[in-house]
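> Model the following, please.
(2 chains, ligands or ions: 2)
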Amino acid sequence: MEQVSGQGGKSGWVFNIQRYSIQDGPGIRTTVFLKGCPLTCHWCSNPESQALHPELLYFDTQCTGCRKCLEVCLNGATLLGSDGEIVIDRKLCKACGVCVDACLSDARIISGELRAVDDVVSVVEKDSLFYRNSNGGVTFSGGEPTYQPAFLLELLKGCQGKGFHTCLDTCGYTQWSVLEEILEYVDLVLFDVKHMDPERHKKLTGVDNRLILDNVKQIVGMGKKIIIRVPLLPGVNDSEGNINALGNFTSNLSIKRLDLLPYHRLGVKKYERLGVDYKLEEVPSFKKEEVESVKKLLTGFGLEVDIV
Amino acid sequence: MAAREDAKSLLSERVRRLKGDVVSNPQTLDTERAKFLLETYRETEGEPTIVRRGKLLEKILLNKTIYIDDNIFVGSQGKERQAIYPYPEVACRWMRREIGDYCGVKGRLGGTDDENMALLQEVVDYWYDINAYKRTHDLFRETTGIDAKRFQKTRVWADGGGFPQGSTSINYGKVLNKGLKGIMEEIEEQMAALPMDNIEVINKKYFYQSMLRCLNAVIHWAGRYAKLAREMAGKENDPARKAEMEKIAETCDWVPANPARSFYEALQSFWFIHCVAYIETGPVAIAPGRMPQYLYPFYKKDKEEGKITEEEAIELLEMVFLKIVEAGFFLGGVAHSQSQGHTGNIIVVGGYTPDGKDATNEVDWLILEAQRRIQLPQPTVHMMYHDKLSEDFLIKGVEVVRDTGLGQPAFFGTDVAMKRNLFHYPGITMEEARDIAQAGCIQTIIQGSSAATWESSPNMAKYVELALHNGMDPVSGEQLGPETGDAEKFESFEDLFNAYKENISYFIPLQRRFHNILFAIEAEIHPTPFQSTVIDGCIETGIDATAGGTKYRAMGSNPSAAIDAANSLAAIKKLVFDDKKITMNELKDALKANFEGNGYDRVMKMCLDAPKFGNDDPYVDSITREIYEHYEKVHQQMNDWADRHSVPHAYSITNHFNFGRAVGALPSGRKAGVPLTDATVSATPGTDMEGPTALAKSAATAVDTIKYGSNHLNMKFHPSALETRDGCKKLLSLIKTYMDLGGSHVQFNCVSRETLEDARLKPDQYKDLVVRVAGFSAFFVQLDEGVQDEIIKRTELSFE
Ligand code: SF4
Ligand code: SF4
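Ligands and ions are numbered 1, 2, ... in the order given. Have a look, this model is predicted:
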């Protein structure tokens, strides 16, 4: 995997820092979203996180059609479509942000910013009293945070150095030697498991799951706290066979907790904004009972299961 | 989740019916008091005011129409349910001006028939030139040479005159335990001990006599209910109802004259006293206060003797709440738009015992549950937060927030309020300092012994306009403020900030003078001999509550729209002085044009993008703090009308609407006429993009909450954030941290379906609205329609 952060990890690509994040680990947390991901999950609710480089997001619902962006783009990336609508040529767009400044309707933003470690840590530090009062801390998520390993390592060191509880939200597709070094500074791992079947996994995410499952075993072996997180997709990974395989795998490793994240379509709009096709359009949202029955199945393996 | 509906379904059939009546019927004008007022003043010409006021209350209580309805508690202000009184002696010129636009708490009034109107006009004629408000304006003009109406009209301030003010905390516990007879003995002792040698003593004697007359009248009034109940019992065929009537008769014969003997008697006694206070001054901001503290001994005794169940106690509380919500005061359309007729009936749960332990008892729980079920806008329930409150009690509080969507309970920092009391009242005992209630909206007071008179709200955003125009108001074209120089010639941000502060230094003392005159005149025209019997300090000193006789007093003003001012000043600092993106001239031109035409939309965007309060950004938060600091300094330079130290406040009522209409476009990017920012440390809608922790941090640092008597933070929450126990706990951590940081008040307004629909129409005002669905947080306005629909549907489920 490539070493992608700039300046020996002193800075890296961040697409969002969310304060009062309450679904990414215990207590009140700040979640730092790092850009870039080796996987290409079809259902990803943060598609703007997949590429490492900055991208232009365009919110057509907010666009008034004033065409100011058209005038200022020097790269010819903003054009008029056949019906006079605004079209962005993604191949030409350099995400320079000139049109963002010109747009008076907040219809454009650049996702992704090169930020220094100290800068990120100082934002995390702002809510320290909230962490103390809630047993919270900082979570690194993405994209895939280990995609920028040197940057992540520095961030983790910086945050642990300040005494904060650290959480890593990872898809686990990283060489163990890299992950091992990172984990030294992680208090809790939120580990995504998408499918137990290697073939299906590859089809859905673009990569094989062997490395991922091996990493789970390694993490358990080193005695790290871990929570398995499963994005639950109707008709994709909620079959009894897959859930049983998941239950067996986790309980054999004596993992105690598993979170279910039922699929939602909140991310759909984001694909449009990025000009990317959404491949899972036809999947319906979950019914409550369906999620509950998956939960029941997993609880049968002695797991503590939360629906997030 | 349909928690809201579940909670309502627990109401008894009787309570549901009573609530239905109150909710669906309008308030009506009741001129009985006006008639008695005229009669009394004609009969008592030449007598001292304090005597006349006692006789007035006596006449009302002995002669007013009384009724008994389906509520187990009896006693009402008006002659029928939801009937309300005008108080023309306080102010009445508007009653002639705004004929046909009379309002109560709930908007337009019923009962304005010809006979009533003729009577009202007669009493208005009588008071037209001698009411307190008119006389205040006259005297202010004579002493300062300024017509204060200019300030009211241009909305530089909203003064505290024109409506009757209570803002007190009655010592209900004393009434419940001693009975009015016990209090009368106290008064008689004081009177007997008076030396007979000077004018002051004679005045005190009149005062004590008037107090006794009032208390006798209250006992008689209760007796009238006993008689009526007995008559009704005689005619009643339903044995259950007959027994109830007999119980009412027996109760009214006993309380409030004597000490209460049961939970039910305690509540009836409380209500009689509370209601007479309403009758005397109008139901404005007379706070029930720490009900759990003074009711608990009665509940405990009944419970131990097996005389009451929890369910019965909850139903009784609900019926008292219904009595409270029936009350209203009479005002014109203009005043209604300012205050929305909020009656300020605040019940306080939680808090400390006198020796600093957690004071929570079973009645605290019962009150929360009663409010969770009945879901009325008044009374409001506040929780005095501290670290010793039990986890389950706190979670119960959050559940009430979630299940009712009323923003209740609001949470208050007990420790900061305690420090505040110690700071403001030298010599106060630690025990008293811990005995905290709230009056008005959110002012800290001491239970049973203080008054918190509301001085006025200055329009802090207007000062920005004045500072930019050398004291001239660009909206009205009038020279209102001091000449602080041409803004175009300011060389630094400091020059501008100084011009802004000069406006504070100019207007606040003027305001104080106006209100010192107002309250001195009010004390002279309508003292309150009844309320003085039940607020600590007045019997001991022989001085009426309105003349400063209460043991503690916190008169003060509360600035509105300081956040708009801070955002505006920050934008100028950033754009004109630091980044030099535009000149002061260009900015002023854009403001004048209301950001319209000429490419001014670009200027508006720059203004909107400048730092905004509520994002934990020191660039603007420090300006906010400095505004409030300067305000406090100026505010504390003058004493109140009884020559006591005052306490500045920071809450906004609903002036942000009313003021907003008179303020042009602002450098914050706000357009002309749009409402200003609500509360006093809330963010302008659509501008706090960093979430609740950032807002809490900005809010906690905005004002010195020990020096100020209050601050006011509203936060929006989507109920889904509170669906799980874990979500509730995280909110509690947020509250605790806010209090640890020095915050003093926070209220969580759960987002309703209407809000979300409004957000769809006006996305720019809801940019900061976060919703959470299935493990995903998102800004609502950025979601596509289908998903928005889904979220609205979920919200509907939990809040219909
Ligand atoms: S980001 Fe730059 S290149 Fe892309 S559309 Fe906007 S102006 Fe053109
Ligand atoms: S500048 Fe903004 S609002 Fe105008 S057309 Fe471009 S994207 Fe739409």
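> okay, CA-based contacts and neighbour counts for the rest of this
Noted.
> need the residues of the stretch 1-150 of chain A near ligand 1, please.
Neighbours of ligand 1 within the stretch 1-150 of chain A, by CA under 6 Å from any ligand atom: A:56, A:73, A:75, A:77-78, A:93-99.
> Next step: those restricted to strands.
The strands, defined by DSSP state E, take in A:56, A:78 from these.
> How about the secondary structure of the residue lying closest to B:Gly548 once chain neighbours are set aside?
The shortest distance from B:Gly548 to any non-neighbouring residue, by CA to CA, 6 or more residues apart in numbering or on different chains, is to B:Ala642 (5.6 Å). Classification of B:Ala642 using DSSP: H, G, I helix; E, B strand; the rest coil returns coil.
> And the lowest mean pLDDT element among the helices and strands of chain A?
Sorting the helices and strands of chain A by mean pLDDT, DSSP states H and E puts helix A:268-274 at the bottom, at a mean of 68.
> Does anything pack onto the helix or strand that that one is followed by? Which helices or strands?
The helix or strand immediately downstream of helix A:268-274 is helix A:288-299, counting by DSSP states H and E. Judged by 3 or more CA pairs under 8 Å, 6 or more residues apart in numbering or on different chains; DSSP states H and E, the packing partners of helix A:288-299 are helix A:240-252, strand A:304-307.
> could you dump the ones you listed to TSV with distance to ligand 2, mean pLDDT and mean neighbour count?
Converted to TSV, the helices and strands packed on helix A:288-299 look like this (distance: least, CA to the nearest ligand atom, whole Å; pLDDT from 0 to 100; neighbours: other CA atoms under 10 Å in any protein chain shown):
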stretch	distance to ligand 2	mean pLDDT	mean neighbour count
helix A:240-252	44	94	17
strand A:304-307	38	91	16
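> nearest to ligand 1, of the ones you listed?
strand A:304-307 (38.6 Å; CA to the nearest ligand atom).
> Give me the distance between whichever residue of the stretch 201-308 of chain A sits closest to chain B and B:Thr724.
Residue of the stretch 201-308 of chain A nearest chain B, by CA to the nearest CA: A:Val308 (5.1 Å). Using CA to CA, to the nearest Å, A:Val308 is found at 10 Å from B:Thr724.
> Give me the more crowded residue out of those two.
Shown here are A:Val308 and B:Thr724; by other CA atoms under 10 Å in any protein chain shown, A:Val308 has more neighbours (17 against 11).
> Surely the more buried one and A:Leu260 touch.
Yes. Counting by CA atoms under 8 Å, A:Leu260 is a contact partner of A:Val308 at 6.0 Å.
> ok, back up a step: residue contacts, the residue nearest to B:Gly548?
B:520, B:547-548 (CA atoms under 8 Å, 6 or more residues apart in numbering or on different chains).
> before we move on, back to that, please pick the buried ones from the residues of the stretch 1-150 of chain A next to ligand 1.
Neighbour-count burial (16 or more other CA atoms under 10 Å in any protein chain shown) is assigned, among those, to A:56, A:73, A:77-78, A:93-95, A:97, A:99.
> okay, the helices and strands packed on helix A:288-299 in a markdown table with distance to B:Arg52 next?
A markdown table is the format used below for the helices and strands packed on helix A:288-299 (distance: least, CA to CA, whole Å):
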| stretch | distance to B:Arg52 |
| --- | --- |
| helix A:240-252 | 84 |
| strand A:304-307 | 69 |
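> Could you give the backbone dihedrals for the closest residue to B:Trp157 other than its chain neighbours?
Leaving out its chain neighbours, the residue that sits closest to B:Trp157 by CA to CA, 6+ apart is B:Pro458, at 4.1 Å. For B:Pro458, the backbone dihedrals are phi -80, psi 150 (criterion: degrees, to the nearest 10).
> wait, B:Pro458 sits on B:Ala158?
Yes. B:Pro458 lies in contact with B:Ala158 (CA under 8 Å); the separation is 6.4 Å.
> In terms of neighbours, single out the busier of these two.
B:Pro458 (28 against 24).
> Quick check: the more buried one vs ligand 1, distance?
As judged by CA to the nearest ligand atom, to the nearest Å, B:Pro458 and ligand 1 stand 45 Å apart.
> Quick one: residues contacting that residue.
So B:Pro458 contacts B:156-158, B:508, B:557-560 (CA under 8 Å, 6+ apart).
> could those residues go into JSON lines alongside secondary structure?
Putting the contacts of B:Pro458 into JSON lines (three-state DSSP) gives the following:
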{"residue": "B:Val156", "secondary structure": "coil"}
{"residue": "B:Trp157", "secondary structure": "strand"}
{"residue": "B:Ala158", "secondary structure": "strand"}
{"residue": "B:Ile508", "secondary structure": "helix"}
{"residue": "B:Ser557", "secondary structure": "coil"}
{"residue": "B:Asn558", "secondary structure": "coil"}
{"residue": "B:Pro559", "secondary structure": "coil"}
{"residue": "B:Ser560", "secondary structure": "strand"}
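> which among the residues you listed gets closest to ligand 1?
Using CA to the nearest ligand atom, those come closest to ligand 1 at B:Ser560, 40.9 Å.
> For ligand 1, see how far away B:Pro288 is.
B:Pro288 is 60 Å from ligand 1, by CA to the nearest ligand atom.
> cool, A:Thr166 as well?
Per CA to the nearest ligand atom, A:Thr166 is found 34 Å from ligand 1.
> In space, what's closest to the residue in the stretch 151-300 of chain A positioned nearest to ligand 1 - neighbours in sequence excluded?
In the stretch 151-300 of chain A, no residue comes nearer to ligand 1 than A:Leu274, which is 11.4 Å away by CA to the nearest ligand atom. Excluding the flanking residues, the one nearest A:Leu274 by CA to CA, 6+ apart is A:Leu57, at 5.4 Å.
> Out of the residues of the stretch 1-150 of chain A next to ligand 1, which two sit at the greatest distance?
A:Leu56 and A:Asn75 (13.2 Å; CA to CA).
> sorry, back to before: now render the residues of the stretch 1-150 of chain A next to ligand 1 as JSON lines, adding distance to ligand 2 and pLDDT.
JSON lines is the format used below for those (distance: CA to the nearest ligand atom, whole Å; pLDDT from 0 to 100):
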{"residue": "A:Leu56", "distance to ligand 2": "11", "pLDDT": "94"}
{"residue": "A:Cys73", "distance to ligand 2": "10", "pLDDT": "95"}
{"residue": "A:Asn75", "distance to ligand 2": "15", "pLDDT": "94"}
{"residue": "A:Ala77", "distance to ligand 2": "12", "pLDDT": "94"}
{"residue": "A:Thr78", "distance to ligand 2": "8", "pLDDT": "94"}
{"residue": "A:Cys93", "distance to ligand 2": "14", "pLDDT": "94"}
{"residue": "A:Lys94", "distance to ligand 2": "16", "pLDDT": "94"}
{"residue": "A:Ala95", "distance to ligand 2": "14", "pLDDT": "93"}
{"residue": "A:Cys96", "distance to ligand 2": "14", "pLDDT": "94"}
{"residue": "A:Gly97", "distance to ligand 2": "12", "pLDDT": "93"}
{"residue": "A:Val98", "distance to ligand 2": "10", "pLDDT": "94"}
{"residue": "A:Cys99", "distance to ligand 2": "7", "pLDDT": "95"}
